[in-house]
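Student: Give me coordinates for this.
(one chain, ligands or ions: 1)
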Amino acid sequence: MTHVFRGGALRHTIIDATLAMPNGISLAPRQLTVTKKTFLSSPCALFPSFHHLSRIITARYLFPSAPKAPRVNALYPPIRNLPHIHRRNATMSEKLIPKEPSKVQVIRNVTPNVVTVSVPFLRFEKIPIGGRATIIKLTSGALAVFSPVALTDEVKAKITELGGNVGYLIAGDIEHHIFLTQWKTEYPAAKLIGPKGLPERRKAITNDPMIGKEEFDFLYDEKNAHSAAISDEFAADFEVELVTAHKNQEIVLFYKPDRVLIEADLMFNLPPTEQYSKVPEQKNTGGLLKKIFYSLNSTAGPAKGHKRLIWFAISNSNKDRPGFNESIKRIHGWDFNTLIPCHGDTIEGTGKETFAKIFDWHINGKK
Ligand SMILES: [Fe+2]
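Tutor: A predicted model of the protein is given here:
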């Protein structure tokens, strides 16, 4: 069944979610046609503000027999539903690894001392958002690897080219840890670093050979959230912020020598062009859900969808938006010009401006 909304709140709800789509959806100025199933099961129905909730309630009133939208946060479903770490499915980590990672990965020097390894990756096993590891060569010569991805022969060769001294393996947050064991096995002298809660999460996964039981050498928590004092060489080159107010416990690195900010899920920059550059056809999945997800995680133009997503959902995911704002202000105080996210394209030269745009409300207050 197809319903037509003319003017009014519902139309604007959908317009809000679709205006910034990269490929665009053509909207007549006074009329939009959707199916009730499409609307009620889409992330439009998951917008986390009272403003939008009232519209969802209206939709429920209009279509009482329609299937209910799932009661999950669009970005952060309950742990048991996370494809990253499904506890009862031993093959889940295998699904995260491209069958032939060597053929799809892109290894690139972003700066003289910073190398990225970009790979395809599907969110919810449907939406192409890409994944990325960042390898940083410290002034001392040691290497730090942030959010490791599959360790291929080509990546090993790059490590060797960079001196081969892998000193630090860093889980960017409680989700970006799948490949730690693989890297730790290859480079046993490297220190394992992650946020609080991650060791317990890994130990609870008992049926996945990818997830080992290694002890962490350094855990970030509230007490050391702003410290880079893992070692003298680490502190010499990095500033660190643990965003404790983020549900995923984001570890954000600022590599001072090359002015590079590195983060996992704090902000995305979709679409993931580089990550799918060797297999662009694999990006043609996800349909409408992908378009909506991209619109909510794009940094293009005014990026209102992205700003709203972070303000209403992410920054309050631990009921501590003031704490989130404090973390953002500290990061904004760092002198970076390149921003490397794990999901989506790297922003070179204008990273600070883009960061300031996306987090404007957190830095300057919401107008
Ligand atoms: Fe992520």
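
Student: which residues touch the closest residue to residue 165 other than its chain neighbours?
Tutor: In space, and not counting its chain neighbours, residue 165 is closest to residue 142: 5.1 Å by C-beta to C-beta, 6 or more residues apart in numbering. Heads up, the C-betas are built off the backbone N, CA and C, glycines and all. By C-beta atoms under 8 Å, 6 or more residues apart in numbering, the contact list for residue 142 reads 165-168, 233.

Student: which of those lies closest to residue 321?
Tutor: Nearest to residue 321 among these, counting by C-beta to C-beta, is residue 168 at 30.9 Å.

Student: Strands of the stretch 51-200 of the chain, start to end?
Tutor: Taking DSSP state E, counting those that start in this stretch as the criterion, the stretch 51-200 of the chain carries its strands at 106-111, 114-119, 122-123, 127-128, 131-137, 143-146, 166-170, 191-195.

Student: Can you tell me the strand partners of the third one and which way each runs?
Tutor: The pairing partners recorded for strand 122-123 under DSSP bridges are strand 127-128 (antiparallel).

Student: Same question for the longest one.
Tutor: Sheet pairing here is set by DSSP bridges, and for strand 131-137 it gives strand 114-119 (antiparallel), strand 143-146 (antiparallel).

Student: ditto for the first one
Tutor: For strand 106-111, the pairing partners within the sheet under DSSP bridges are strand 114-119 (antiparallel).

Student: about what we covered before: nearest to residue 305, of the strands paired with strand 131-137?
Tutor: strand 114-119 (23.5 Å).

Student: and of the strands paired with strand 131-137, who's closest to residue 271?
Tutor: strand 114-119 (12.7 Å).

Student: that older thread, out of the contacts of residue 142, flag the one nearest to residue 345.
Tutor: residue 168 (24.9 Å).

Student: Now do the closest one against residue 357, distance only.
Tutor: 31 Å (C-beta to C-beta, to the nearest Å).

Student: Neighbour count: those two, which is higher?
Tutor: Applying other C-beta atoms under 10 Å to residue 168 and residue 357 shows that residue 168 carries more neighbours, namely 23 against 16.

Student: Was I right to think that one contacts residue 145?
Tutor: Yes. Between residue 168 and residue 145 a contact is recorded at 6.9 Å, counting by C-beta atoms under 8 Å.

Student: shared neighbours, these two?
Tutor: Common neighbours of residue 168 and residue 145 (C-beta under 8 Å, 6+ apart) are residue 190.

Student: ok, back up a step: can I get the strands paired with strand 131-137 in a markdown table with distance to residue 261, mean neighbour count and mean pLDDT?
Tutor: Output for these, formatted as a markdown table (distance: least, C-beta to C-beta, whole Å; neighbours: other C-beta atoms under 10 Å; pLDDT from 0 to 100):
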| stretch | distance to residue 261 | mean neighbour count | mean pLDDT |
| --- | --- | --- | --- |
| strand 114-119 | 11 | 24 | 98 |
| strand 143-146 | 11 | 26 | 98 |
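
Student: any chance of these in TSV, with distance to residue 160 too?
Tutor: As requested, these are exported to TSV (distance: least, C-beta to C-beta, whole Å):
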stretch	distance to residue 160
strand 114-119	12
strand 143-146	10
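
Student: among those, which is nearest residue 322?
Tutor: Of all the strands paired with strand 131-137, strand 143-146 sits nearest to residue 322, with 27.1 Å by C-beta to C-beta.

Student: if we look at that closest one, which residues are touching it?
Tutor: 133-138, 159, 162-170, 172, 183, 190, 234, 238, 253, 262, 264.

Student: buried subset of these?
Tutor: Listed as buried from the contacts of strand 143-146 are 133-138, 159, 162, 166-170, 172, 183, 190, 234, 238, 253, 262, 264; burial here means 16 or more other C-beta atoms under 10 Å.

Student: Who are the contact partners of the closest residue to residue 192 other than its chain neighbours?
Tutor: Once flanking residues are discounted, residue 192 sits nearest to residue 216: 4.7 Å by C-beta to C-beta, 6+ apart. Residues in contact with residue 216 (C-beta under 8 Å, 6+ apart) are 192-194, 198-199.

Student: Repeat that for residue 159.
Tutor: With C-beta under 8 Å, 6+ apart, residue 159 has these contacts: 135, 143, 166, 187.

Student: could you redo the last one with a cut-off of 10 Å?
Tutor: Residues near residue 159 by C-beta atoms under 10 Å, 6 or more residues apart in numbering: 115, 135, 143, 145, 151, 165-166, 183, 186-187.

Student: cool, and residue 119?
Tutor: Taking C-beta under 10 Å, 6+ apart, one finds 96-98, 101, 104-106, 130-133, 149-150, 152, 272, 274-276, 278-279 in contact with residue 119.

Student: cool, residue 328 as well?
Tutor: 241, 243, 245, 252, 266-267, 310, 315, 355-356, 358-363.

Student: One more pass at 8 Å, please.
Tutor: Here residue 328 is in contact with 243, 359, 362-363 (C-beta under 8 Å, 6+ apart).

Student: Same check on residue 252?
Tutor: Residue 252 touches 240-243, 261-263, 266, 327, 331, counting by C-beta under 8 Å, 6+ apart.
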